[in-house]
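Participant: next comes the sequence, and after it the predicted model I'd like to discuss.
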Amino acid sequence: MRAALRVLLNGYDYLVLYLGLAWLGILCITWTPIALILYPLLSEHRGRALGRYVTMMAFRLYLASLSLSRRCSFDITALDALRDEPALIIAPNHPCLLDAVMVISRLPNVACVLKDDLMNNIFLGAGARLARYIRNIPVRRMVQQATQDFDCGSHLLLFPEGTRTITSPVNPFKGSIGLIALHAQVPVQTILIETDSKYLSKGWPLFRKPPMPIHYRLRLGKRFDPPQHTQRFMAELQDYFAHELVQGSAFYPTHSLPTQPDRTLP
């Protein structure tokens with residue numbers, strides 16, 4: 001009997017994870033033709049607002065669906081405190097592919113810096129262009145577009161590591177976030193993402209099932225004033241993340257993060 005229950009639970013876990021990913025794909029691909037039609041019809045202001053709001057709600061629905069399974073939990077409502085804040089750079093660490101989804105699901109006016117190939121992706125490209133997300137190349141253009149976007153009071157989501165974490169606690173930081181913060185003179189709000197799982201981390205095989213349940217927690221970190229010197233700022237930012245994540249792991253080590261209540265739903 002116990003063996004049968006383990007097999008059933010294992011099968012249920014696979015359904016939660018991979019039907020969940022299929023559900024996210026369906027949400028994105030359903031929005032794609034609509035975004036393609038709306039892009040030339042709406043003004044930049046209206047297209048940006050609608051694109052970002054729909055993306056937020058789609059990601060929130062996806063996370064809520066995972067939460068209902070009781071195999072994933074998301075303690076991420078700390079981000080709600082940022083909704084009415086003026087222009088900010090939001091700078092999280094980057095342990096897995098769900099990081100951007102979690103952040104965007106709580107904030108209605110976020111611009112993302114995306115890799116150039118994602119801007120042409122069939123699932124994400126049309127929605128990203130409608131929302132006026134920003135390509136990561138060329139760097140001069142990226143900085144210029146980000147600075148202009150702040151004039152709308154928006155938030156910019158930018159991962160200082162540039163890619164998912166490979167070297168614990170964080171990868172060496174890229175300089176883009178310092179360049180934008182210096183040029184635009186906007187503060188940088190750090191976000192600390194904690195999880196007890198390596199699921200969808202760098203190098204994780206897509207169809208490998210992790211131990212479950214999986215728990216995620218996002219908490220607000222220190223807010224840094226606009227920098228006056230890029231290199232000093234980046235060194236200070238990296239030291240801060242390294243210290244905070246090591247401290248956090250002492251209280252919430254991998255595979256022992258306490259279960260949090262489902263706080264994904266509004």
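Facilitator: Sure, I can see it.
Participant: name the element the closest residue to A81 other than its chain neighbours belongs to?
Facilitator: Among residues not flanking A81 along the chain, L220 sits closest, at 6.7 Å (C-beta to C-beta, 6 or more residues apart in numbering). Heads up, the C-betas are built off the backbone N, CA and C, glycines and all. Using DSSP states H and E, L220 falls within strand 214-224.
Participant: pLDDT of that strand, averaged?
Facilitator: In this model, strand 214-224 carries a mean pLDDT of 96.
Participant: parallel or antiparallel, which strands does that strand pair with?
Facilitator: strand 72-75 (parallel), strand 188-195 (antiparallel) (DSSP bridges).
Participant: pLDDT on the first one, on average?
Facilitator: When you say that, I think you mean strand 72-75. For strand 72-75, the mean pLDDT works out to 95.
Participant: L50 contacts L42, correct?
Facilitator: Yes: L50 is within contact range of L42, at 6.8 Å (criterion: C-beta atoms under 8 Å).
Participant: now for these two: what residues contact both?
Facilitator: By the contact definition C-beta atoms under 8 Å, 6 or more residues apart in numbering, L50 and L42 are jointly contacted by L130.
Participant: wait, what's in contact with L107?
Facilitator: Contacts of L107 by C-beta under 8 Å, 6+ apart are M56, L79, L82, R83, I90, H155.
Participant: do the same with F150
Facilitator: Contacts of F150 (C-beta under 8 Å, 6+ apart): A87, L156, A184, V186.
Participant: likewise N121?
Facilitator: If you count contacts by C-beta under 8 Å, 6+ apart, N121 has them with A128.
Participant: quickly note the distance from it to G127.
Facilitator: In this view, N121 and G127 are 10 Å apart by C-beta to C-beta, to the nearest Å.
Participant: mind listing the strands for the stretch 51-200 of the chain?
Facilitator: Here the stretch 51-200 of the chain has its strands, by DSSP state E, counting those that start in this stretch, at 72-75, 88-92, 110-114, 134-135, 155-157, 188-195.
Participant: can I get the first one in CSV, CA atoms only?
Facilitator: Looking back up the chat, that one is strand 72-75. This file holds the C-alpha atoms of strand 72-75, laid out as CSV (Å, rounded to 0.1, in the frame of the first residue of the first chain):
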residue,chain,number,x,y,z
CYS,A,72,4.6,24.4,-4.2
SER,A,73,4.2,27.4,-1.9
PHE,A,74,5.1,31.1,-2.6
ASP,A,75,5.6,33.6,0.2
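Participant: now stretch 50-65: buried residues?
Facilitator: Of all the residues in stretch 50-65, those buried under the rule 16 or more other C-beta atoms under 10 Å are L50, G51, R52, V54, T55, M56, A58, F59, R60, Y62, L63, S65.
Participant: good, wrapping up.
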